[in-house]
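>>> sharing a sequence plus its predicted fold:
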Amino acid sequence: MKIISISSEYIKLDQFLKLADCVPTGGMAKALLADGAVKVNGEAEERRGRKLYPGDKIEVEGSGTFQVAGPKAP
């Protein structure tokens, strides 16, 4: 499982897919979601605007499993 750190309270799913290098563009993220290739916390997700918070687990077919992590404390 790869840990992806974010610097804000949440990140939208399409932005997360780009940050995790699963897709290069938002359009490709939309297509990936429409194909049902993404699961959030074990459930299929098609909404690219879905808010992800630290602790959420994302499974992407062909790319692996990721977990959202919040900003690191100084």
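Now that the structure is in, tell me what you want to look at. Residues are numbered from 1 along each chain as shown.

>>> who's in contact with stretch 41-58?
1, 6, 9-14, 16, 20, 26, 29-30, 33-34, 36, 38-40, 59, 65-70 (CB atoms under 8 Å, 6 or more residues apart in numbering). Quick note: C-beta positions are derived from backbone N, CA and C, even for glycine.

>>> in strands, which of those residues fall?
Counting by DSSP state E, the part of those found in strands is 11-12, 38-40, 59, 65-69.

>>> now for Val68: which residues touch it?
4, 6, 11, 16, 52-58.

>>> mind running it again at 7 Å?
The contact partners of Val68, by CB atoms under 7 Å, 6 or more residues apart in numbering, come to 4, 6, 11, 52-56.

>>> filter those residues to the buried ones?
6, 11, 52, 56 (16 or more other CB atoms under 10 Å).

>>> give me the nearest residue to the residue nearest the centre of the chain, chain neighbours excluded.
For the chain, the residue nearest the mean C-alpha position is Phe16 (4.1 Å; CA atoms, centre = their mean). Using CB to CB, 6 or more residues apart in numbering and skipping the chain neighbours, the partner closest in space to Phe16 is Leu52 (5.5 Å).
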